[in-house]
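Asks: return a 3D structure for these sequence lines:
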Amino acid sequence: MDNLQIIGVLLSLIAFQSCSKTYIIKPYDGPPELELTDFCELYRIESGEYISTIAYYTGVEEYWSLTSKTPCELDYQVYLNTEENYQERLNVNLSKKFSHLYENYWKYSLKLEIIGIIENTEEELGFGHLGLKKIQIIPYQIRILEKNKIKVEK
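Replies: Numbers count the residues shown, from 1 in each chain. From the prediction side, this is the model:
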């Protein structure tokens with residue numbers, strides 16, 4: 001293997017590691033093991049329960065939400081509440097990743113593994129911007145699994 005190939009392999013490993021890092025939002029005090037819940041089944045989980053799920057984080061301007069790989073009823077109806085993270089600056093690295101996503105919303109979405117508490121409401125005013133979402137996840141840990149390029153049909 002020549003030096004150029006070695007450098008290429010090293011850069012690939014660094015890029016892969018940066019994408020799969022787990023970001024701690026706040027200390028986790030839930031069950032030691034959580035079963036992965038399908039995103040489309042989150043509506044079945046009671047408010048206040050700990051969950052682990054995989055979803056895509058996507059949006060535009062102030063309208064951000066989670067969606068699944070396959071279309072379902074909950075797409076764009078679940079709010080990822082990262083406000084505490086930004087207010088307290090608990091995880092600067094995650095904040096940078098999200099800021100980059102917000103600045104390039106037309107290009108990318110992030111596939112995330114999220115561990116947190118689910119909250120739901122039947123109230124008229126829900127969660128997120130303008131209270132439009134009826135379910136929110138308060139994250140304890142977020143792992144960025146991959147950055148996905150948005151496909152634009154012409």
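Asks: could you use CA atoms for every contact and neighbour count after this?
Replies: OK.
Asks: and for Lys21, the neighbour number?
Replies: 13 (other C-alpha atoms under 10 Å).
Asks: touching stretch 109-117 from outside, list them.
Replies: When contacts are defined by C-alpha atoms under 8 Å, 6 or more residues apart in numbering, stretch 109-117 is touched by residues 47-59, 101, 137-150.
Asks: any idea which helix or strand carries the spatially most central residue of the chain?
Replies: For the chain, the residue nearest the mean C-alpha position is Leu112 (4.2 Å; C-alpha atoms, centre = their mean). Counting by DSSP states H and E, the element that carries Leu112 is strand 108-120.
Asks: among the contacts of stretch 109-117, the buried ones, what's the PyMOL command?
Replies: What follows is the PyMOL syntax for the buried subset of those, where burial is set by 16 or more other C-alpha atoms under 10 Å:
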select buried, resi 50+51+52+53+54+55+56+57+58+59+101+137+138+139+140+141+142+143+144+145+146+147
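Asks: keep only those of the contacts of stretch 109-117 that are in helices.
Replies: Helix and strand membership here follows DSSP state H; of the contacts of stretch 109-117, those in helices are Leu101.
Asks: what's the spatially closest residue to Asn120 that is not a sequence neighbour in contact with, if anything?
Replies: Spatially, and ignoring its direct neighbours in sequence, Asn120 is nearest to Ile135 (4.3 Å; C-alpha to C-alpha, 6 or more residues apart in numbering). Applying C-alpha under 8 Å, 6+ apart, we find Ile135 in contact with 43, 77-79, 118-121, 126-127.
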